[in-house]
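# structure for the following, please:
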Amino acid sequence: MEIIFASPSYKRGETCSTHKIYPCFEYVIAENEKEKYLHKKIIIPNEIQGNISRVRNYILNKFIGKAVVMMDDDCEGIYRWDNCKSKILNENEFQEFCENMIQMILDSKLKYGGVNIAAPNDKGAYREYSPFSFTSPVLGPFCIHVNSEIRYDENIPLKEDYDLSLQHLNKYKGILRANAYSYKVKQAENKGGCSIMRNSNEEKRQFELLQKKWGNKIVSYDNKSKKSFDFNPIVRTPLKGI
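Next comes the predicted model:
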């Protein structure tokens with residue numbers, strides 16, 4: 001199966017960095033920004049930009065029948081726990097990992113997969129005795145779509161990845177997540193991208209939309225967080241399994 005490596009990007013022509021570690025990626029950018037990006041790129045219509053869900057859906061619709069690997073444009077690498085140390089995958093290791101994951105997703109009769117959402121240095125989040133899980137969410141900074149017909153909700157572009165995971169869990173009863181692997185990204189620290197629309201009021205509004213869509217037993221606040229409001233929801237599903 002052909003693999004498309006796509007990195008949605010918006011107003012980060014000078015700061016995007018994913019291609020430096022994994023040159024296989026092409027930045028997905030609007031027509032009016034093409035001169036600002038020097039690396040490989042996929043050009044999309046200007047009107048598609050401005051909503052990450054809409055951009056992700058455009059990518060999936062453009063490459064139907066192919067495996068699509070998406071990664072944030074500020075990713076510093078995919079890391080793997082090895083002998084109690086977190087080590088970054090080089091380009092060849094990364095591509096081999098993606099190929100293996102795609103085949104395992106197919107073998108599992110699933111459509112979606114990815115890696116642990118914890119930071120690479122968070123040893124406590126690495127499940128040593130469950131290298132794979134099937135009921136945990138996979139988020140936008142790194143995800144793999146294998147000929148999936150499920151699309152992102154364009155009404156909640158700051159919570160679109162949580163929603164997409166719930167859609168897959170609801171329909172296919174599983175997501176393939178490799179728990180020994182994780183990503184390192186800047187996310188809210190970086191200018192451009194979703195940070196343009198990210199503020200506490202909008203985060204809360206979209207959190208409430210996500211919760212209303214799936215119910216407060218599935219989407220809930222992180223009451224253990226030290227933040228006054230943690231915009232990352234806790235997601236629990238009634239599915240049995242790991």
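# most centrally placed residue in this protein?
residue 140 (1.7 Å; Cα atoms, centre = their mean).
# give me the nearest residue to it, chain neighbours excluded.
Residue nearest to residue 140 in three dimensions, not counting chain neighbours: residue 161, with 3.7 Å by Cβ to Cβ, 6 or more residues apart in numbering. C-beta coordinates here come from the backbone N, C-alpha and C atoms, glycine included.
# wait, the residue nearest to the centre of the chain sits on residue 71?
No: using Cβ atoms under 8 Å, residue 140 is not in contact with residue 71; the gap is 9.0 Å.
# check the burial of the closest residue to residue 89 other than its chain neighbours by counting its neighbours.
The shortest distance from residue 89 to any non-neighbouring residue, by Cβ to Cβ, 6+ apart, is to residue 78 (4.9 Å). For residue 78, the count of nearby residues is 24 (other Cβ atoms under 10 Å).
# tell me which residues of the one helix or strand residue 78 maps to come out buried.
For residue 78, the host element (DSSP states H and E) is strand 77-82. By neighbour count on 16 or more other Cβ atoms under 10 Å, the buried set for strand 77-82 is 77, 78, 79, 80, 81.
# kindly report the same for stretch 122-139.
126, 127, 132, 133, 134, 135, 136, 137, 138, 139.
# just the closest of the residues you listed to residue 221, please.
Using Cβ to Cβ, residue 137 is the member of the buried residues of stretch 122-139 that lies nearest residue 221, at 15.7 Å.
# look at the closest one and report its pLDDT.
We have a pLDDT of 96 for residue 137.
# the residue lying closest to it once chain neighbours are set aside: neighbour count?
Distance criterion Cβ to Cβ, 6+ apart; nearest residue to residue 137, sequence neighbours excluded, is residue 165 at 3.8 Å. When neighbours are counted by other Cβ under 10 Å, residue 165 registers 25.
# next: residue 186.
When neighbours are counted by other Cβ under 10 Å, residue 186 registers 17.
# next, the buried residues of the lengthiest strand in the chain.
For the chain, the strand with the greatest residue count under DSSP state E is strand 176-184. Neighbour-count burial for strand 176-184, counted by 16+ other Cβ under 10 Å, picks out 176, 177, 178, 179, 180, 181, 182, 183, 184.
# how far off strand 77-82 does it point, in degrees?
110 degrees (axes from the mean of the first three to the mean of the last three Cα atoms, to 10 degrees).
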